[in-house]
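Chemist: turn this into a model:
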Amino acid sequence: MNREEFKKKHGIISQSSEINDLVDVVMQVASSDITILVYGESGVGKEVFARAIHNSSKRAGKELVSVNCGAIPEGILESELFGHKKGAFTGAFEGRKGYFEIADGGTLFLDEIAEMPLTTQVKVLRAIEFKEFMRIGAETVTKVDVRIIAATNKDLQEEVNNRKFREDLFFRLKAVSLNIPPLRKRKGDIPLLVNHFLEQYAKANNLPIPKITDDAMDFLFEYNWPGNVRELKNTIETAFALNRSGIIDVDSFANLAAPVENNNSMRNLPVFLRKTPEDADRELLYRALFEIKKDLIELKDLVVNTSRETAVKTDEPKKNLFALDVIERDTIKAALDKTRGNKRKASKLLNISERTLYRKIKQYDLLEEGL
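Modeler: Below is the predicted model:
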C-alpha cells in the first residue's frame, strides 16, 4: 500500500508535506507495538491518526478504546482506567472492568493525557511497563496486553519542567512522537477538506452536492480556524444543512465573523462508555457524589486555613504605619538633614513658615537630635 492509498483508507485528507511526512512515519511504525505520543491542537485530527495506527496494526481485530483523560473527574479516573471490585468503595455495588481490561489485545488511546493527575500517572506507567495492574479493592494483579497511544495539546516537556507531569512517564510515552500541524499552517488542505466534507454530508443524507462559490472558498481560505479541522467540518455541515439554493456563498459563513464567547463549560464533555442508560445514570450519580465530597473537603480546608490566618493576624502587634504625625516628623527631619540644619532653607523646602518650622521642631523634640 502506498502513501495515497493509506491516506484514502484511513480518511486522512491532506496534500501538505507535513502530513505526508507523518503518514510515512505512521506506515513505518503501525505494525509494531511501540508507544506513540501525538501532539496537536484541539481539532487537528489526533484521533484520526490514532485510528489509522490501530487499524494498520496486528491489533486491528481488537478494540480501540478512546479515553479523554480531561473529561473524567479526578476522583473516579483510576476506577475508570483500572476498574474496581464489588464493595471497593461506597456505591460500588458490582465489580466492573476498566479501560485497560476492555482494550486487552487492542489499543488504548489516552487523549489529553497532560490532564491526568500525578498519582494516576504512576499507576499508568506501571501498567504500561509491566503490563499488569490491580483493580481498586482487588488483592491480585490483572495482566493485560495493550498498546498505548497518547495525545495532548500541551508541551509535555514544559509540563515536566513545571512538575505537572512525570518525567519517567513522558520518556515512556514519547518513543515515537507525531506533531500534527494546525490547519492555519497548512491552508492548502482547506479546498480538499471542504469538498470532502460536502461529499460526505451529501452521501450521508442522500442529497445532491451544492456548489461552493470562489468567494466563499477564498473566505474559508483566509479564516484562521482556531478550532482546526473539526471547526471546518462543522462549518461546512451547518452551511450545507441550512442551504436551499444549491449554492453556498460567503453569506453562508456569516457566523464565522461573529465574536466567539469563551465557554469553559465545554471542557467536561461526556465520555462514550459502552454502557446501558441505567449504568450510565448510576455512573453519573457516583461522579456527582464524588464531586460533592471533593467540594466539601475543599470547603473544610478553606475554613480551617481562614481560621488559622485570622488567629495569626490577631496575635500580631498593632502598628499605625500611616499616622500623620509620624509622616510629618520624618518629612521635617529629612528637610533639615538635606539643608544641614538651615531652618530657613528647610522651611522653604517644606513650604511652611520658618516660625511654624520652629514650632514643629519643638513639638517633635528634634532639637534633642542636634537639628
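Chemist: how near is Ala254 to Tyr358?
Modeler: Ala254 is 78 Å from Tyr358, where distance means CB to CB, to the nearest Å. C-betas here are computed from N, CA, C, even on glycine.
Chemist: which one of the two has more residues nearby?
Modeler: Neighbour count, other CB atoms under 10 Å: between Ala254 and Tyr358, Tyr358 has more, with 13 against 10.
Chemist: how far away is the more buried one from Arg329?
Modeler: In this view, Tyr358 and Arg329 are 14 Å apart by CB to CB.
Chemist: distance of Gly83 relative to Ile19?
Modeler: Applying CB to CB to Gly83 and Ile19 gives a distance of 37 Å.
Chemist: repeat that for Asn205.
Modeler: Distance from Asn205 to Ile19, by CB to CB: 28 Å.
Chemist: just Leu350 next, same as before
Modeler: Leu350 is 75 Å from Ile19, by CB to CB.
Chemist: kindly report the same for Phe240.
Modeler: Distance check for Phe240 against Ile19: by CB to CB, it reads 25 Å.
Chemist: over to Tyr39?
Modeler: 14 Å.
Chemist: shared neighbours of those two, anything?
Modeler: Common neighbours of Tyr39 and Ile19, using CB atoms under 8 Å, 6 or more residues apart in numbering, are Ile180.
Chemist: list the contacts for Leu242?
Modeler: Residues near Leu242 by CB under 8 Å, 6+ apart: Ser252.
Chemist: ugh, typo on my part, it should be Asp189
Modeler: With contact taken as CB under 8 Å, 6+ apart, Asp189 is in contact with Ile13, Ser14, Gln15, Ser16, Ile19, Leu183.
Chemist: most neighbours among those, which one?
Modeler: Top of those by neighbour count (other CB under 10 Å): Leu183, with 26 neighbours.
Chemist: am I right that it is in contact with Val44?
Modeler: Yes. If you go by CB atoms under 8 Å, Leu183 and Val44 touch, sitting 6.9 Å apart.
Chemist: averaged over its residues, what pLDDT does the helix or strand hosting Leu169 have?
Modeler: Secondary structure assignment for Leu169, by DSSP states H and E: helix 167-173. For helix 167-173, mean pLDDT rounds to 93.
Chemist: next one: that helix to chain centre, how far?
Modeler: Computed by CA atoms, centre = their mean, to the nearest Å, the chain-centroid distance of helix 167-173 equals 19 Å.
Chemist: packing partners for it?
Modeler: Packing partners of helix 167-173 (3 or more CB pairs under 8 Å, 6 or more residues apart in numbering; DSSP states H and E): helix 118-130, helix 156-161.
Chemist: rewinding a little: would you check which pair of the contacts of Asp189 lies furthest apart?
Modeler: Spanning the widest gap among the contacts of Asp189 are Gln15 and Leu183, at 13.1 Å by CB to CB.
Chemist: which residue is nearest the centroid of this protein?
Modeler: Central residue of the chain (CA atoms, centre = their mean): Glu115, 6.2 Å from the mean position.
Chemist: report the separation between the residue lying closest to that residue once chain neighbours are set aside and Ile113.
Modeler: Ranked by CB to CB, 6 or more residues apart in numbering and with sequence neighbours excluded, the top spatial neighbour of Glu115 is Gly70, at 3.5 Å. Noted for Gly70: a distance of 9 Å to Ile113, by CB to CB.
Chemist: kindly report the same for Ile136.
Modeler: From Ile136 across to Ile113, the span is 20 Å (CB to CB).
Chemist: the more surrounded of the two?
Modeler: Neighbour count, other CB under 10 Å: between Ile136 and Ile113, Ile113 has more, with 27 against 19.
Chemist: wait, that one sits on Cys69?
Modeler: Yes. If you go by CB under 8 Å, Ile113 and Cys69 touch, sitting 5.5 Å apart.
Chemist: checking my notes, Ser177 in a helix, right?
Modeler: No. With DSSP: H, G, I helix; E, B strand; the rest coil as the criterion, Ser177 is assigned strand and is not in a helix.
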